[in-house]
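Enquirer: let me see the structure of the following:
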Amino acid sequence: FGSMGNMFIWIALFEMVGWIGLSQTLQGSGREPGDFGWGKQFMGKTQAEIDTMKLKELTNGRAAMLAFAGVVTQSVLYDKGFPYF
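Expert: Model (predicted):
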């Protein structure tokens, strides 16, 4: 297969896992989108702690998207690829 075949197999496996989660959510299993049951011990015990951790995760994801947008913008404006210096 080569490296592209290996990459295709891994992406296909991730898509299958995602489809299982999506179908469970659509069938009314009661689980939240994106909740695969990993890392529950880091969420906290009370509802307030759980809400705080969810907000931290959203903020972290949004900061990562802004950072990636900055990298792409810098790459386009200065016509340089990686490493951007």
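
Enquirer: which helix or strand in this structure has the lowest average pLDDT?
Expert: In the chain, no helix or strand scores lower on mean pLDDT, DSSP states H and E than helix 2-26, which sits at a mean of 87.

Enquirer: now that helix: buried residues?
Expert: Within helix 2-26, the residues that count as buried by 16 or more other Cβ atoms under 10 Å are Gly21. For every residue, glycine as well, the C-beta is placed using N, CA and C.

Enquirer: any idea of the mean pLDDT for the following helix or strand past it?
Expert: Later in the chain than helix 2-26, the nearest helix or strand by DSSP states H and E is helix 47-78. Helix 47-78 shows a mean pLDDT of 91.

Enquirer: what's the distance between helix 47-78 and the middle of its chain?
Expert: Centroid separation for helix 47-78 versus its chain: 11 Å, with Cα atoms, centre = their mean, to the nearest Å.

Enquirer: from Met4, how far off is the residue nearest the centre of the chain?
Expert: In the chain, the centroid-proximal residue (Cα atoms, centre = their mean) is Gly61; its distance is 7.9 Å. In this view, Gly61 and Met4 are 29 Å apart by Cβ to Cβ, to the nearest Å.

Enquirer: for Phe42, same thing?
Expert: Per Cβ to Cβ, Phe42 is found 36 Å from Met4.

Enquirer: what's the answer for Gly21, then?
Expert: As judged by Cβ to Cβ, Gly21 and Met4 stand 26 Å apart.
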